[in-house]
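Colleague: requesting a structural model of the entry that follows:
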Amino acid sequence: MADFNWKGIDLNLLIALQALYKTNSVSKAAERCYVSQSAMSHSLQRLRKLFDDPLFERVGSKMEATDRAIELSSTVDALLNTIQSEVLLSKRFEVDSYRGSWKIGLTDYAEQMFGPMIFDFIKQVSPSSQVAFFNVNRTNYQQVFEEAKLDIAIGSFGEVPKLYGTELLYTEQHVCLLDESVLDVELPISLQSFVSVEHALVSPNGALKTAVDTKLAELGYTRKVAIASSNFLTVKRLISGRKLLCIVPKLVARNAPNVDSSLIAVTPPIDVPDFDIQLVYRKGKQLDDKNTHLRKVISQAVEIVIAVK
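Modeller: Residues are numbered from 1 along each chain as shown. I've put the predicted structure just below:
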């Protein structure tokens, strides 16, 4: 540490690195930092020399981050946030008097299952604040994080880039949903009965086949898919009053009073993998008071939802 040349680095270099990583462009990073393009190019040269790495390499029209730049990004984010929240700002975050907004990205499933309870919990502790929900999915959540400046995202995203931290909120199971008032099948439902009935399925991209079809093919079966929808609520309403069945997450299968009381959830005759519901945040915000509080509130809200029978 004593031999490190501190004269070779300043805070503006870290800000430049952060801007370059988020924009993948020298010109856009320059605009973001309110400097000229030549000044940003000079900062990139200094960064490359400082870290002994190209950091960003041109691929087509974009500057793609190297592995070293990706590693540095979360550390730099955390450092700049710490400087802002703990060094430059002396006042701590006061949740009960907060008048700003909470920006939360949710998948369709997460918004339908947890959105109302999350809103209630936030308003209980922060009555003067506003809540904004943004629709996200596995494909676009990183883009929405950047463009909307999300605090948190909730859903099933799988493995996330190093830039983000995750917390496991809930592991969801699947059930087979049907309307017993119109669909007469013997329970527990057999594999033969399962494939003989027309199916509805939830398909974010409109595909008429899912992993269930792959599993059935391995067993020598095919099923009849009548309709696919990207929306869980649409599929649930489709099943009501129709000779259809659908594999849905267990929480989705819960009956809505006076709407679908004849719908029942039964165990599928084949194994359907569970999936994890994750809370995702930028690692740079891990110690941020506002973000820490929001993660706690969301965890409490989700616990209440999944505990209801």
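
Colleague: what packs against whichever strand or helix holds I247?
Modeller: Taking DSSP states H and E as the definition, I247 sits inside strand 244-249. Strand 244-249 makes packing contacts with strand 174-179, strand 198-202, helix 232-239 when contacts are defined by 3 or more CB pairs under 8 Å, 6 or more residues apart in numbering; DSSP states H and E. C-betas here are computed from N, CA, C, even on glycine.

Colleague: where does I277 sit: helix, strand or coil?
Modeller: I277 falls in the strand class when you classify it by DSSP: H, G, I helix; E, B strand; the rest coil.

Colleague: contact partners for it?
Modeller: Contact partners of I277, counting by CB atoms under 8 Å, 6 or more residues apart in numbering, are Y109, A110, I154, G155, S156, L168, L169, Y170, T171, E172, V302.

Colleague: so where is the stretch 151-300 of the chain shaky, pLDDT-wise?
Modeller: Residue ranges of the stretch 151-300 of the chain with pLDDT under 70: 255-260.

Colleague: redo that, cut-off 90
Modeller: For the stretch 151-300 of the chain, the stretches flagged by pLDDT under 90 are 161-163, 184, 202-208, 210-211, 229-237, 252-263, 273, 283-289.

Colleague: related to what we said a few turns ago, neighbouring strands of the helix or strand following the strand holding I247 in the sheet, and parallel or not?
Modeller: Downstream of strand 244-249, the next assigned helix or strand under DSSP H and E is strand 263-266. Strand 263-266 pairs in its sheet with strand 174-179 (antiparallel), by DSSP bridges.

Colleague: could you pull out the strands in the stretch 101-250 of the chain for me?
Modeller: 101-106, 130-135, 152-155, 164-172, 174-179, 198-202, 224-229, 244-249 (DSSP state E, counting those that start in this stretch).

Colleague: re earlier: tell me the angle the strand holding I247 makes with strand 224-229.
Modeller: 60 degrees (axes from the mean of the first three to the mean of the last three CA atoms, to 10 degrees).

Colleague: now strand 244-249, how far from the chain's geometric center?
Modeller: Strand 244-249 sits 23 Å away from the centroid of its parent chain (CA atoms, centre = their mean, to the nearest Å).

Colleague: direction included, what does it pair against?
Modeller: strand 174-179 (antiparallel), strand 198-202 (parallel).
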